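Q: Have a look; sequence and predicted model below, questions after that.
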Amino acid sequence: MPMLKMISATTMVALLGATVAHAQARYNGFSVVLLLGETQGAAGGDGLPPAPALRKALADVKDFLPYRSYKVLDTQWQRSGSTRMKGFDDQEYDVDVIADEIVPNPFHPKEGMLNVIFKLEEVGAAMNASEEYGRAIQVAEMEKQRASLVAQLPNAQGTMLQEQKARIERLDKQIRLARARKLIESKFEMAPGETVVVGTSKIRGGDKGLVVLLTAVAAGGK
Amino acid sequence: MKDLNQLLRDGDPLAREGQLDAEDARMIRRRVLAEAKSQPTTAAAWWPRPLAVAAALAACLLVAITIGGRLFSDEARVVPSASQATPARQMQFAAPGGTRIIWTFHQELDL
């Protein structure tokens, strides 16, 4: 009987220790900073968040990216899941961060490491290739309508002109929504406190790029 | 009263057989010795086996270390993007300061 109590007590202590260690290693959430990188304009990064970890991360990668200036578009604090972020020129983005803590094992002996899935897509992005194809046809049709309206603009006057401009504006919004796409879908590992730079741009050229500074903030706030 | 041992001894047919002739015994011995000499030693056959197993294990370890080294290398590496409707290329690399960059390139992207 005393032996049984001893075993139970030892198991309880071990479980308590494991729980405490697990709780200590857990992350607190993610800091998501969305930046617009531009090749044009004055060099610098005015308005960047003052957090030293973010500035260090950006300083680290600046030489690898072609952008001269960086502008903060939006900043969010996210535990896990989905959020909407403001982008450039009224564009909005849906951002998903899914994180699972990796249980330490011989291949991943480090405690508190996270498996992260990061997604960034324009609001209303097509779910699959067939939907994207259908939307491309719609876009082509809407662009024809837009071109026709633009061609008629010089002849329009007064309320007619205002109405046509409003129609062009509406078409622009519809075209943008129909063209919405998934921009980033990445899987990677992160350590608590680490900042990973995730970004997207056009394959060749393109004077702008979206840069995300993703930081896994540890429970201690580091 | 006879016990079990006694009964077994009494029932043993070998006990009733005559002794082996000395010449026959020598002949059998010679034949056994000759056969034994003509067979290859068992030690020679036995030793290469663990050596082969050890060599195979070492080869497996070497392959595993090489693959692991390549998979978890901090050097720049290109990985295929997750399946997406739009073709995109993804690249992962680490800056000298240790910050990792994960970049997705799109064929057409207007910001």
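A: Right, received. Where do you want to start? Numbers count the residues shown, from 1 in each chain, chains lettered A, B, ... in the order given.
Q: tell me what the helix or strand harbouring residue A:74 is packed against?
A: Using DSSP states H and E, residue A:74 falls within strand A:69-78. Applying 3 or more Cβ pairs under 8 Å, 6 or more residues apart in numbering or on different chains; DSSP states H and E, one finds that strand A:69-78 contacts strand A:27-38, strand A:81-86, strand A:92-101. All C-beta atoms are positioned from the backbone trio N, CA, C, and that covers glycine.
Q: Out of these, indicate the one that is most buried.
A: Highest mean neighbour count of those: strand A:27-38, a mean of 21 (counted as mean count of other Cβ atoms under 10 Å in any protein chain shown).
Q: just the angle between that one and strand A:92-101, please?
A: With axes from the mean of the first three to the mean of the last three Cα atoms, to 10 degrees applied, the angle from strand A:27-38 to strand A:92-101 works out at 140 degrees.
Q: okay, now the domains of chain A?
A: A:2-124+A:181-218, A:130-174 (automatic domain parsing).
Q: err, chain B, not the other one
A: Here the domain assignment for chain B is B:42-73, B:75-111, based on automatic domain parsing.
Q: Could you tell me the least trusted of these?
A: Of all the domains of chain B, the minimum mean pLDDT falls on domain B:75-111 (a mean of 71).
Q: I'd say residue A:196 and residue A:184 touch.
A: No: the criterion here is Cβ atoms under 8 Å, and residue A:196 misses it with residue A:184 at 11.7 Å.
Q: How many neighbouring residues does residue A:89 have?
A: Here the number of neighbours of residue A:89 (other Cβ atoms under 10 Å in any protein chain shown) works out to 8.
Q: coming back round to it: could you check the angle the strand holding residue A:74 makes with strand A:81-86?
A: 140 degrees.
Q: Tell me the gap between strand A:69-78 and the middle of its chain.
A: Mean-position distance between strand A:69-78 and its chain equals 10 Å (Cα atoms, centre = their mean, to the nearest Å).
Q: Name the residue of chain A that lies nearest to chain B.
A: residue A:60 (3.6 Å; Cβ to the nearest Cβ).
Q: how about that residue, secondary structure?
A: Following DSSP: H, G, I helix; E, B strand; the rest coil, residue A:60 is assigned to helix.
Q: quick one: contacts for it?
A: Residue A:60 makes contact with A:197, B:95, B:96, B:97, B:98, B:99, according to Cβ atoms under 8 Å, 6 or more residues apart in numbering or on different chains.
Q: so where do the helices sit in chain A?
A: Per DSSP state H, chain A carries helices over the ranges A:2-25, A:52-61, A:129-152, A:158-178.
Q: I'd like those written out as a markdown table, with distance to residue B:18 and mean pLDDT added.
A: Below are those laid out as a markdown table (distance: least, Cβ to Cβ, whole Å; pLDDT from 0 to 100):
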| stretch | distance to residue B:18 | mean pLDDT |
| --- | --- | --- |
| helix A:2-25 | 67 | 61 |
| helix A:52-61 | 99 | 85 |
| helix A:129-152 | 96 | 89 |
| helix A:158-178 | 110 | 89 |
